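[1] sequence first, then the predicted structure:
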Amino acid sequence: MTAAKKLFVKTYGCQMNVYDSERMAEAFGGQGYAATDTPEDADMILLNTCHIREKAAEKVYSELGRYKRLKAENPGLRIGVAGCVAQAEGEEIMRRQPMVDLVVGPQAYHRLPDLIARVNAGEKALDTDFPPEDKFEHLKARPKARRGPAAFLTVQEGCDKFCAFCVVPYTRGAEASRPVDRLLSEARDLVGRGVREITLLGQNVNAYHGAGPDGDWSLARLIRAMARIDGLERIRFTTSHPNDMSDDLIAAHGDCAKLMPYLHLPVQSGSDRILKRMNRGHTADAYLRLIERIRAARPDILLSGDFIVGFPEETEEDFQATMDLIAEVRYGQAFSFRYSARPGTPAAERAMVDEAEAADRLQRLQALITRQQRDIQGQMVGRDVSVMFEKPGRLPGQMAGKSEYLHAVHVAAAGIGPGDIRRVRIVESGANSLTGRLAG
């Protein structure tokens with residue numbers, strides 16, 4: 001029997017890329033490839049890229065440069081680039097790195113079997129089209145063995161918001177929602193293979209409007225249907241836009257027991273002037289009133305957010321408005337970045353804030369976020385939380401998992417395995433995690 005070829009996948013960026021990488025690996029599996037953890041063992045190296053972070057394309061080229069030696073030692077090695085950088089710079093990647101054999105954008109993954117066959121035949125393959133067909137319908141999951149207790153499930157892709165700083169509408173395309181029946185079927189399959197927690201994914205997930213048996217369903221209705229799946233104990237979703245936080249989704253946080261009390265709701269800035277320049281479509285006050293309604297539905301919910309510092313034309317007064325908003329909301333977690341221009345976006349043409357000033361603002365903002373995070377974690381000490389354990393912890397005899405609030409929790413106890421959900425009394429708060437003991 002011929003030995004299986006080996007595939008090495010390196011994934012950058014968001015959870016949606018993690019999900020896409022799993023599906024691409026399945027497509028390669030159908031073409032005779034088995035997974036390997038090291039590029040040195042691989043017959044095919046695939047980089048699944050992200051265009052959100054600063055200098056994303058340069059990092060991809062740098063990574064490709066590290067594979068030149070492997071290609072020289074093994075001329076039969078194939079190298080592919082997928083994801084948002086591939087979508088944005090497909091032909092340029094082929095031009096700058098002739099050793100690349102395959103470039104495929106996020107909406108063309110269902111064409112991988114044909115593309116892989118072309119590559120294996122010695123051809124170059126480039127596909128960055130936005131085809132009309134549903135890639136998930138054609139890129140069906142292949143039966144696999146049991147898996148870990150937490151999984152991602154993409155329910156929506158693309159974005160119609162066109163924020164001035166963002167490339168997603170150009171790399172992922174217009175908003176598209178997957179049909180309800182396919183999502184429920186995939187969720188049941190995941191649960192059948194050991195999954196107990198599913199995170200529903202979308203670039204703008206709360207804009208979900210998938211076709212159901214009686215018309216389009218909202219995200220809240222989808223969540224309620226998934227909550228009826230036996231064995232699925234926890235549901236989360238990310239990432240949301242404030243303008244699509246509907247009444248029924250807010251209500252679900254209060255009355256759907258399986259929907260976890262954690263919400264990632266990016267605002268980006270606390271300045272109305274900057275929000276308008278960002279084309280966010282809401283004001284700071286509207287965001288704050290929304291937070292009030294969410295907390296009225298679920299008072300213990302933990303909120304996280306995204307912030308861009310040093311957006312073009314941001315003044316110190318604009319920045320202080322962001323700091324004031326953060327102080328009022330009190331985030332348990334947040335992701336913050338210094339603005340970096342994305343070619344082709346409206347903001348890229350505007351006057352940049354001085355780099356040193358932007359760096360100073362980012363440092364001040366992150367210091368405030370860190371104080372809030374540690375304060376909220378500290379308040380967990382003495383409380384009982386529900387923890388789903390996923391893997392061994394850092395110390396012998398320790399297991400690690402996530403609380404309902406998405407805090408990392410470590411517990412030293414015998415008889416705990418992956419997928420177990422137990423009540424835990426928190427006894428200590430660390431820099432980025434909690435330590436507890438089994439309650440009762």
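    Arrived safely, thanks for sending. Residues are numbered from 1 along each chain as shown.
[2] any chance you could map the helices in the stretch 201-350 of the chain?
    For the stretch 201-350 of the chain, the helices defined by DSSP state H, counting those that start in this stretch occupy 219-226, 247-255, 272-278, 284-297, 316-329.
[3] among these, which is the most enclosed?
    Stretch with highest mean neighbour count among the helices of the stretch 201-350 of the chain: helix 219-226 (a mean of 21; mean count of other CB atoms under 10 Å). No exception for glycine: its C-beta is placed from N, CA and C like everyone else's.
[4] surely Val179 and His209 touch.
    Actually, residue 179 is Pro. It isn't Val. No: Pro179 lies out of contact with His209 (CB atoms under 8 Å); the separation is 10.8 Å.
[5] what helices and strands are in contact with the host helix or strand of Glu390?
    For Glu390, the enclosing helix or strand under DSSP states H and E is strand 384-392. For strand 384-392, the packing partners by 3 or more CB pairs under 8 Å, 6 or more residues apart in numbering; DSSP states H and E come out as strand 398-403, strand 408-412, strand 421-429, strand 434-438.
[6] to Arg188, which of those strands lies closest?
    strand 421-429 (19.2 Å; CB to CB).
[7] in that closest one, what's buried?
    421-422, 424, 426, 429 (16 or more other CB atoms under 10 Å).
[8] so which residues make contact with that strand?
    196, 233-234, 374, 377-378, 380-389, 403, 409, 411, 416, 434-440 (CB atoms under 8 Å, 6 or more residues apart in numbering).
[9] roughly how far is that strand from the heart of the chain?
    In terms of CA atoms, centre = their mean, to the nearest Å, the gap separating the centre of strand 421-429 from the centre of its chain is 26 Å.
[10] check stretch 22-29 too.
    19 Å.
[11] which parts of that stretch are buried?
    So for stretch 22-29, counting by 16+ other CB under 10 Å, buried means 22-28.
[12] nearest to His51, of those residues?
    Nearest member of the buried residues of stretch 22-29 to His51, counting by CB to CB, is Met24, at 17.2 Å.
[13] what about Cys7, which helix or strand?
    Careful, residue 7 is Leu; it's not Cys. Short version: Leu7 belongs to strand 5-11, going by DSSP H and E.
[14] now do Val103
    Per DSSP H and E: strand 102-104 holds Val103.
[15] rounded mean pLDDT for that strand, please.
    On average, the pLDDT along strand 102-104 is 91.
[16] now do the strands in the stretch 1-150 of the chain.
    5-11, 33-35, 44-49, 78-83, 102-104, 125-127, 150-154 (DSSP state E, counting those that start in this stretch).
[17] those strands: lowest mean pLDDT?
    Looking at the strands of the stretch 1-150 of the chain, the bottom one is strand 125-127 with a mean of 86.
[18] can you give me the strands in the stretch 151-300 of the chain?
    Going by DSSP E, counting those that start in this stretch, the stretch 151-300 of the chain shows strands at 156-157, 176-177, 197-201, 209-212, 215-218, 234-238, 262-264.
[19] tell me the most buried of these?
    strand 156-157 (a mean of 24).
[20] mind listing what that strand pairs with, with the direction of each?
    strand 176-177 (antiparallel) (DSSP bridges).
[21] closest to Arg66 out of the buried residues of strand 421-429?
    Ser429 (38.7 Å).
[22] and the nearest residue to Leu325 once chain neighbours are set aside, how many neighbours?
    Of all residues not flanking Leu325 in the chain, Gly270 sits nearest, at 3.2 Å (CB to CB, 6 or more residues apart in numbering). Gly270 has 25 neighbouring residues, counting by other CB atoms under 10 Å.
[23] which SS state does Lys432 fall under?
    Slight slip there: residue 432 is Asn, not Lys. Under DSSP: H, G, I helix; E, B strand; the rest coil, Asn432 falls in the coil class.
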